[in-house]
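Q: My questions are about this predicted structure, shown below with the sequence.
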Amino acid sequence: MMILNSIKILQKEIFHKFFGKFIYLIALIIIEGIILSSSVLTIIPIADFLIDPNLESPSKVTKYFIKLLEHFNLEINFIYLISLFITSNLLRSFFGIYIGFMILRIKYNIVQSLTLELIKDIFDARWNFFNNLGAGKLLNTLKTELARVGDAAGSFGNLVASYFQFSVYLIIPLYLDYKLTLLVILFILILCLPLLLLNQISNKYGKENTATSNKITSVMNETVQAAKMILFSGDNKFPLNKNKKALLDHIKVTIKYQVLSQTLGHLFKPLSIIAVILAISLISGNISQLPEYAAIFWSLYAALPLVTKILQSYLALSNYSPSYDQLLDLRKKAQENKENFGTKIFKKLNKKIILSNINFDYDNKKILNNCNLSIDTNTVTLISGKSGSGKSTLVDLITGLQKPSSGEIYFDSVNLEELDLQNLRKRISVVNQDPFLFYDTIRNNVAWAEEEISDEKINEALQLANAFQFVEKLPNKINTLVGERGMELSGGERQRIVLARALIRKPSILILDEATNSLDEHSENMVKDTIKKISKNTTVIIIAHMSKLKEISDKKYLLVDQKIYEENN
C-alpha cells in the first residue's frame with residue numbers, strides 16, 4: 001500500500017505540474033497510433049499479393065485498399081504497397097524518436113523542479129533541521145536519489161506512452177479476429193503472471209539500495225573531510241577499510257536490485273511469443289485468412305515490447321519509490337521545521353540588542369540559564385568564555401538560527417519573533433572560526449552574495465580585511481582559484497578572505513565567532529585596527545575563547561556556568 005501511495009503522489013505531482021506537456025505527449029502518441037494502424041493494415045494487401053498476385057479472392061482490408069487507390073486513379077501493385085508500408089513505418093519511427101525526446105524533457109523538468117523545491121524547503125527551515133538528519137541522507141538525496149526519482153518520472157512517462165501505444169496496437173487485431181486476440185492475451189497473462197511477483201522483492205532491494213547509498217555517501221564525505229587528520233595519523237588503511245565495507249554492502253544490494261529490474265525484460269518477450277504462436281496454432285486453419293493472421297502476428301509481436309515496457313515501467317516506479325519516499329520525508333521534515341518569518345523589516349540597529357532572561361536547553365542539557373545581555377549600537381562587545389560554555393549558541397540565538405527555550409531578544413524595541421529573519425540576516429555578517437571558501441576565485445568568494453559588484457569594491461573590502469597585499473602577490477590576483485574549501489591558502493589567508501566577504505556587505509552588525517584564532521600576531525593587530533575603524537558605523541560582537549581583543553572592546557562579558565557576567569573595564 002505504501003508503494004502505491006508514493007506512486008500515486010508522484011503521479012499526481014507530475015500531472016499537476018506538467019499537465020500541458022502530458023496532453024501534448026498523448027496527442028503525439030495518438031497520431032503515432034494512427035500511422036501505426038496504417039502500417040499494420042498494409043501488411044494484409046502485401047500478403048494477399050504474395051499469395052495471389054491476381055487478387056481474385058482478396059480480404060476485406062485489401063478490397064478497401066483497392067478502392068482507396070482507385071479513388072486516386074491508381075492501380076494497385078506491389079511497389080505501391082511496399083512503399084506505403086516503408087513510408088508509414090519510417091514516419092512512425094520519427095514520431096517514436098520525438099516522443100522519446102518529449103519523455104526525457106518532461107523527466108528532466110521534473111528533476112529540476114523537485115531539486116529546486118527541496119533546496120528551497122531546506123533553506124527555509126530552521127537550523128534544527130540540519131542537526132537532526134541521518135548521516136549522508138541529505139547529500140545522497142541531492143546527489144543520487146533525486147536522479148532516481150527522475151528515472152521514475154521517465155518511467156511514468158513511458159508508462160503513459162506505452163499504455164496508449166499498446167491500446168492502438170490491439171485495435172487492429174481485435175477488429176480482424178477478436179477471439180484470437182483475446183486468446184493471446186489470456187495465454188500471456190497465464191505465462192507471465194508469476195513475473196509480477198518480482199515487484200515485492202524488487203521494492204525490498206530498492207529500500208536497501210537507498211539505505212546503503214546513504215551510508216556510502218556519508219562515509220566518503222567523512223573520509224574527505226577528515227583527510228588531514230588521517231594523513232597525520234599515518235594509518236592510511238583506516239579510510240580504505242571503512243570505504244571498502246560501505247562499498248561492498250552497497251554493491252551486494254545494487255547488483256540484486258539491477259538484475260531483478262532487467263529480469264522482466266529478458267523473460268517476458270520469449271514467453272509472450274510462445275503465447276502468440278500457441279493461440280494462432282489453436283485457432284488458425286483457413287489458408288485464406290493467412291494475410292489477417294500475418295497482420296495480427298505483426299501487430300501483437302510489435303505490441304510485446306510495449307507490454308514489457310509497461311511492466312518494467314511499473315516495476316521501476318516500485319523500485320524508485322524508496323527514493324521518492326526519502327525525498328518526501330526530507331521535504332516534510334524541512335516544512336515542519338520551517339522558519340517563522342515575522343513581517344517587520346530591520347534596516348539598521350539604532351540603539352541596542354537586548355537578550356532578556358534567556359534560557360536555552362539542548363538534548364535536555366541546560367546551556368544558558370537566565371542570561372541577560374545588552375549590546376550597544378556602533379560599539380565593540382566582547383563575549384568570552386571556555387570552550388563549550390555556550391558562546392556560539394549566543395550567535396545562533398541573536399541571528400535567529402535557534403530559539404531560546406524561554407526569554408526574549410530585542411533589536412531596539414522590536415522582538416526578534418516579529419522580524420523578517422531573512423531580511424535581518426542580510427544585515428548581519430558572521431565570520432566563524434572555521435572559514436569556508438567555495439572552490440572558486442577569490443573575487444567570487446568575496447562577492448558570492450552580491451549579484452553585481454566592481455573589482456574596485458572587491459579590492460576595498462580586501463584592504464579593509466588586510467588581505468589586499470597577499471592577494472596582489474598571487475599570479476592571478478583576485479582571479480586566483482582557492483582550491484577545495486580554500487586549501488590553496490593558509491588558515492590566516494582564508495580567514496581574511498572570509499572577513500572581506502563579511503565587510504563587503506557593509507553590515508549593520510558584524511559577529512566574529514572565534515574568527516581571529518588563525519591569525520598571526522601581526523595580522524591580528526591589523527584586524528584590531530579594522531574593527532575599531534568599522535565600529536564607528538557597525539555594531540561589532542566578538543566571540544572568543546581567550547581573546548587578545550579586550551583592549552579594543554567597549555563592553556566585555558564573561559560566560560561561565562551557564563551565566564553571563566559583565567566584566568569591569
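A: Now that the structure is in, tell me what you want to look at.
Q: Can you pull out the low-pLDDT segments for the stretch 401-550 of the chain?
A: 449-451, 516-520, 523, 545-548 (pLDDT under 70).
Q: Now do the domain split for this structure, please.
A: For the chain, whose domains are defined here by automatic domain parsing, the residue ranges read 2-335, 352-567.
Q: export the ones you listed to CSV and tack on mean neighbour count?
A: The way it works is simple: take the backbone N, C-alpha and C, and place the C-beta from them, glycine included. Formatted as CSV, those follow (neighbours: other Cβ atoms under 10 Å):
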stretch, mean neighbour count
domain 2-335, 17
domain 352-567, 18
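Q: Mind checking these for the one nearest to Gly342?
A: domain 352-567 (4.2 Å; Cβ to Cβ).
Q: before we move on, back to that, now distance to Ile345 too, for the domains of the chain, in TSV please.
A: Below are those laid out as TSV (distance: least, Cβ to Cβ, whole Å):
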stretch	distance to Ile345
domain 2-335	18
domain 352-567	5
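Q: and Phe341, which of the ones you listed is closest to it?
A: domain 352-567 (5.2 Å).
Q: how long is the closest one from one end to the other?
A: 18 Å (Cα to Cα, to the nearest Å).
Q: in the stretch 351-500 of the chain, which spans are strands?
A: Per DSSP state E, counting those that start in this stretch, the stretch 351-500 of the chain carries strands over the ranges 352-362, 365-376, 380-385, 406-411, 414-415, 428-431.
Q: Please dump these into JSON lines; it should also carry distance to Lys17 for every row.
A: Formatted as JSON lines, the strands of the stretch 351-500 of the chain follow (distance: least, Cβ to Cβ, whole Å):
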{"stretch": "strand 352-362", "distance to Lys17": "39"}
{"stretch": "strand 365-376", "distance to Lys17": "43"}
{"stretch": "strand 380-385", "distance to Lys17": "48"}
{"stretch": "strand 406-411", "distance to Lys17": "39"}
{"stretch": "strand 414-415", "distance to Lys17": "39"}
{"stretch": "strand 428-431", "distance to Lys17": "36"}
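Q: and Tyr557, which of the three is it?
A: Following DSSP: H, G, I helix; E, B strand; the rest coil, Tyr557 is assigned to strand.
Q: my guess is it contacts Glu567, does it?
A: Yes: at 6.6 Å, Tyr557 counts as touching Glu567 under the criterion of Cβ atoms under 8 Å.
Q: Now do the contacts for the nearest residue to Glu460 once chain neighbours are set aside.
A: With sequence-adjacent residues excluded and distances taken as Cβ to Cβ, 6 or more residues apart in numbering, Glu460 is closest to Ile504, at 7.9 Å. If a contact means Cβ atoms under 8 Å, 6 or more residues apart in numbering, then Ile504 has 446-447, 450, 453, 457-458, 460-461 as its contacts.
Q: can you redo these as a markdown table with distance to Thr379?
A: Putting those into a markdown table (distance: Cβ to Cβ, whole Å) gives the following:
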| residue | distance to Thr379 |
| --- | --- |
| Val446 | 26 |
| Ala447 | 28 |
| Glu450 | 27 |
| Ile453 | 28 |
| Lys457 | 26 |
| Ile458 | 28 |
| Glu460 | 24 |
| Ala461 | 22 |
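Q: Can you tell me which of these comes closest to Lys338?
A: Lowest distance from Lys338 to those (Cβ to Cβ) belongs to Glu450, with 26.6 Å.
Q: Can you name the residues that contact Pro435?
A: Contacts of Pro435 (Cβ under 8 Å, 6+ apart): 486, 491, 494-495, 497-498, 515, 518.
Q: 7 Å - rerun?
A: Counting by Cβ atoms under 7 Å, 6 or more residues apart in numbering, Pro435 makes contact with 486, 494-495, 498.
Q: Tell me which entries of these lie within helices.
A: 494-495, 498 (DSSP state H).
Q: I'd like to know which of those is nearest to Phe130.
A: Val498 (20.1 Å).
Q: Find the nearest non-adjacent residue to that closest one, please.
A: Nearest to Val498 is Pro435, by Cβ to Cβ, 6+ apart, at 4.1 Å.
Q: What mean pLDDT does stretch 179-199 get?
A: For stretch 179-199, mean pLDDT is 72.
Q: With stretch 128-143 instead?
A: 72.
Q: Endpoint to endpoint, that stretch covers what distance?
A: Stretch 128-143: ends 22 Å apart by Cα to Cα.
Q: One more: stretch 403-419?
A: Rule used - Cα to Cα; the end-to-end distance of stretch 403-419 is 13 Å.
Q: Outside of it itself, list whatever touches it.
A: 342, 344, 346, 349-351, 353-361, 397-398, 400.
Q: one step back: can you name the two of the contacts of Pro435 that sit furthest apart?
A: Farthest pair in these (Cβ to Cβ) is Gly486 and Gln495. Separation: 9.6 Å.
Q: Just the closest of the ones in helices among the contacts of Pro435 to Leu138, please.
A: Val498 (23.8 Å).
Q: gap between that closest one and Lys457?
A: From Val498 over to Lys457 the distance is 17 Å, taken as Cβ to Cβ, to the nearest Å.
Q: ok, now Leu489?
A: Computed as Cβ to Cβ, the Leu489 to Lys457 distance reads 21 Å.
Q: Now the residue nearest to Val498. Its backbone dihedrals?
A: Phi and psi for Pro435, reported as degrees, to the nearest 10, are phi -70, psi 130.
Q: How about the contacts made by Ile122?
A: If a contact means Cβ under 7 Å, 6+ apart, then Ile122 has Ala334 as its contacts.
Q: what about it, is that helix, strand or coil?
A: Ile122 ends up helix, using three-state DSSP.
Q: Enumerate every residue touching Ile534.
A: Residues in contact with Ile534 (Cβ under 7 Å, 6+ apart) are 503, 510, 540.
Q: any idea which helix or strand carries the first one?
A: When secondary structure is defined by DSSP states H and E, Leu503 falls within helix 491-504.
Q: what's the next secondary structure element after that helix?
A: strand 509-513.
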